[in-house]
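Student: what would the 3D arrangement of this be:
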Amino acid sequence: MPWLVLAWLGGVGALSLRLLLGWRRVVRTRRSGTAVLESRLLERFRNLERRMGLARPVRLLKSAAVSVPTVVGWLRPAILLPAGCLTGLSPSQLELLLAHELAHIRRWDHWVNLLQVAIETLLFYHPAVWWVSRCVREEREHCCDDLAVAACGDGVAYARALATMEELRQLEPQLALAATGGSLLERVRRLLGVGVEPRDWRRTAGGALWILAVLLTGAAVVLYLISPVRYEATTRLQIGRLMDVHWLREALTGSPPPPDTDDLPTQIQNLRSRTLIESLIKKEELAEDSRYTGAVDLAAAVLRDIRVSQVPASRLVDVRVLHTRPQKARDIAHTLANEFIEQNALLKQKETLDQLFFLQNQASGLERDVQKAEEALQSYRLRSGFVSFDSPNAVADDLLREQRALTEATSRQRATAMTLEVFQQHTNGGKPPEAFPPFAADPSLRQGQMDLFRLEADVEVILKSYGEQHPNVQEARAKVEAARSVLRQIALQQAAILESDAGVASAHEREQVLLVHECEERYAEWNKAKLDYDVLQRKAESSKALFSLVLGKMKQVELLQKDKSNNVRVVDQAATPQHPVYPLRPVANLLLGAAGLACVTGFFLPRTVRRREAEVAEPAEPGEPGASE
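Tutor: Below is the predicted model of the structure:
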């Protein structure tokens, strides 16, 4: 904030002026009222320089403007010795104090002190800088005390010299280094090896908390005083979704979809876009508004007064506008909502046209793909030589029919071969024709067998009446032999017929096996062709389905293009605000709460320390443990 920068510049300027005045005082002290010391003291000082290991000599001057030995200067440092030291201190004590000052020069503390003062000036607002600076000054004095004791070898005498010097101590310029710098009591205790009782942290913390409470209260008061008066007007919008064909674009082209301009976070960003804000500035003539007079970036200044937030778990968006005048805040909120609705209508129209153009291009391409797929199916059907690839089909029916015919031919061949084999067994076995089995297929053979059996029965009947030599018997036997001869001729003819039938059945079986094999090869070719045909058919069906989907989407987009309604509408119109708001007061209230907490804590922490000290200091009652007798 500009006022913070001004406050920092003011603090730096004040401290720089203070340091400049101190530097002028140091220069004036060195140049006026100084005199050269007597040779005896200078000789002891030069011996002390050699013991301290200094590379170049340091000037030792007597001055009436200082009360303690002090180092002044940076390029040519000198030690100013007060006149009172020559009478108030013994030569050995004076030598110890001079050793302390020479230790400062040996350690280049005059340059370190200059850098330290510069840091304190620039970072004056930070408490840690002052605390670190105090710790550095204390440790610097301790180091110089150690060097002085190491050079002279008597810590007790050095402690006494410091105590004597404390009686002559006066305020010295900040840019000078004196032997009495730092906490003298702590330094004496350290030199004598006496432990220093640590300060209870609760006392320090209590004081720091009180200071912090004062600072926080002051900051809160400042925020209350400088908090500007603003009026807030709120318009609530409902943002619907447009038709999304990005998933269809990705499915058709394989490319990632473009950014979703209808996504609600994107729409919220569109509400804060520079294009919309610049249009708002023109409509409301905000360039001549006193609220934004002197703004370097007018659009950024207007945008800082606009807050856009989403209502949780909904597509409602609140647009809040701050302004010094309530009527203007309402007008800006109303104009911003209208401009956004118009912008969104243009966006909807552009998006719809883009989608329609894309779908039309895809529909043309898909229509060509469908035609090519149908032509590929017809061409493949003609090349393959198969009339149909539907199941069941003629190839499978032919195979099934030939397999059944093969089964029948095999059965017929086996039956014929078995009859022939049995007949040949009877014939080769010398069995009479009348003993042939009844499965002979010729009815004349069976009739001959029956006639032979009847004639033989007649012979038996005649033999019962006549003798063997009777003519009737001889005639009957002749008829039997004639019938047997006829039956034998019939059996031979039947055997030839059976052999012929067996050959025909065997040839028919072999022919049927070849036909079945051909049908099986034809069916295998059909199956292989059907696999390729199915691939082409699925591709054609996929193209048809995608083409139908694109046509359906085209109809929807065409209807959406004809629809002039907007997917953004105003739910709550901005009203003229009646009560002002103070943007900085919540921060001020938070600071006041923190200040109150710091006050309470800072009040009770020291009380606990005092209560404990009182308990320790309270004398024991008679009869209690620890009471004196």
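Student: all contacts plus neighbour counts: C-alpha atoms, from now on.
Tutor: OK.
Student: what's the first helix or strand after the helix or strand His142 falls within?
Tutor: Counting by DSSP states H and E, the element that carries His142 is helix 127-152. Downstream of helix 127-152, the first helix or strand assigned by DSSP H and E is helix 155-167.
Student: just to revisit the earlier point, so what's the gap between the helix holding His142 and the chain middle?
Tutor: Centroid separation for helix 127-152 versus its chain: 52 Å, with Cα atoms, centre = their mean, to the nearest Å.
Student: what angle separates that helix from helix 155-167?
Tutor: Here the directions of helix 127-152 and helix 155-167 differ by 130 degrees (axes from the mean of the first three to the mean of the last three Cα atoms, to 10 degrees).
Student: where along the stretch 51-200 of the chain do the helices fall?
Tutor: Ranges of helices in the stretch 51-200 of the chain, per DSSP state H, counting those that start in this stretch, are 83-88, 91-106, 109-122, 127-152, 155-167, 184-192.
Student: remind me what the longest helix that the chain contains packs against, helices and strands.
Tutor: Across the chain, the helix with the greatest residue count (assigned by DSSP state H) is helix 471-562. Counting contacts by 3 or more Cα pairs under 8 Å, 6 or more residues apart in numbering; DSSP states H and E, helix 471-562 packs against helix 326-384, helix 394-428, helix 443-465.
Student: ok, which of those helices comes nearest His110?
Tutor: Closest of the helices and strands packed on helix 471-562 to His110 is helix 326-384, at 61.3 Å (criterion: Cα to Cα).
Student: helix 471-562 and that closest one, what's the angle between them?
Tutor: Orientation check (the same axes, to 10 degrees): helix 326-384 against helix 471-562 gives 150 degrees.
Student: what is helix 326-384 packed up against?
Tutor: Under the contact criterion of 3+ Cα pairs under 8 Å, 6+ apart, helix 326-384 touches strand 231-239, helix 274-284, strand 316-323, helix 471-562, strand 568-572.
Student: and the fourth one, what's its mean pLDDT?
Tutor: Think helix 471-562. On average, the pLDDT along helix 471-562 is 82.
Student: that one versus helix 443-465: what angle between them?
Tutor: Going by the same axes, to 10 degrees, helix 471-562 makes 150 degrees with helix 443-465.
Student: go ahead and flag the most central residue of the protein.
Tutor: Nearest residue to the geometric centre of the chain (Cα atoms, centre = their mean): Pro265, 17.0 Å.
Student: on the three-state scheme, it is what?
Tutor: Following DSSP: H, G, I helix; E, B strand; the rest coil, we place Pro265 in the helix state.
Student: now Gly294
Tutor: coil.
Student: thinking again about what came up before, buried ones in the helix holding His142, by neighbour count?
Tutor: Residues 129-130, 133, 136-138, 140-149, 151-152 are the ones in helix 127-152 that count as buried (16 or more other Cα atoms under 10 Å).
Student: now swap in stretch 104-124 and tell me
Tutor: Buried-residue list, stretch 104-124, by 16+ other Cα under 10 Å: 104-106, 109-110, 113, 116-118, 120-124.
Student: repeat for stretch 307-325
Tutor: Neighbour-count burial for stretch 307-325 flags 308, 310, 316-325 (criterion: 16+ other Cα under 10 Å).
Student: what lies in contact with that stretch?
Tutor: If you take Cα atoms under 8 Å, 6 or more residues apart in numbering as the criterion, stretch 307-325 is touched by 229-240, 264, 268, 271-272, 291, 305-306, 329-330, 332-333.
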